[in-house]
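**Student:** based on what follows, work out the 3D shape:
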Amino acid sequence: MADNTKTRELTCIVCPRGCNLTVKYEGKNVLSVEGNICPRGEKYAEDEVICPRRTVTSTVKTEDGGVVAVKTRETIEKEKMFECMEKINSVVASLPVKIGDVILSDVCGTDIIATQNRG
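**Tutor:** Numbering: from 1, shown residues only. Prediction:
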């Protein structure tokens with residue numbers, strides 16, 4: 001029987017420590033994660049080899065011709081980033097906007113929220 005175990009080296013991006021991680025996996029089954037200082041690094045490594053996820057940050061046009069900074073409330077599957085950006089680019093936000101306001105609902109399974117106040 002062939003050994004289908006793969007090893008992947010990653011740098012954790014969850015916090016500023018930037019732990020060097022070694023992940024051993026077979027298909028969608030993570031066998032081990034080494035090098036993480038905290039549990040978040042282990043979760044990041046597992047997600048990265050099984051289903052990579054990202055937070056999308058961007059800007060949305062506002063009705064006065066300006067822009068407001070936004071991000072996804074939760075991470076989305078990396079492969080859905082372009083779909084997410086198409087929806088972000090298709091909207092114009094009404095003013096005023098406060099940090100945390102939902103600009104778009106249910107985009108790739110999360111909301112797009114404001115990350116700055118605009119009057």
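**Student:** contact partners for Cys84?
**Tutor:** Cys84 makes contacts with Val56, Thr72, Ile76, Val107, Cys108, Ile112, as judged by C-beta atoms under 8 Å, 6 or more residues apart in numbering. C-beta coordinates here come from the backbone N, C-alpha and C atoms, glycine included.
**Student:** er, Ser32 actually
**Tutor:** Counting by C-beta under 8 Å, 6+ apart, Ser32 makes contact with Thr22, Val23, Lys24.
**Student:** the second one in helix, strand or coil?
**Tutor:** So that's Val23. strand (DSSP: H, G, I helix; E, B strand; the rest coil).
**Student:** how near is it to Glu79?
**Tutor:** The gap separating Val23 from Glu79 is 19 Å, by C-beta to C-beta, to the nearest Å.
**Student:** those two: which has the busier surroundings?
**Tutor:** Using other C-beta atoms under 10 Å as the criterion, Val23 and Glu79 rank with Val23 on top: 23 against 12.
**Student:** just to revisit the earlier point, TSV for the contacts of Cys84, including pLDDT, distance to Gly100 and neighbour count?
**Tutor:** Shown next, in TSV, are these (pLDDT from 0 to 100; distance: C-beta to C-beta, whole Å; neighbours: other C-beta atoms under 10 Å):
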residue	pLDDT	distance to Gly100	neighbour count
Val56	98	16	20
Thr72	98	13	24
Ile76	96	18	19
Val107	97	16	21
Cys108	97	19	18
Ile112	98	12	24
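**Student:** farthest-separated two in those?
**Tutor:** Taking C-beta to C-beta as the measure, these span a maximum distance of 10.3 Å, between Ile76 and Ile112.
**Student:** all helices for the protein, in order.
**Tutor:** Taking DSSP state H as the test, the helices found in the chain are 39-50, 81-89.
**Student:** highest average neighbour count across the ones you listed?
**Tutor:** Sort the helices of the chain by mean neighbour count, taking mean count of other C-beta atoms under 10 Å, and helix 39-50 sits at the top with a mean of 18.
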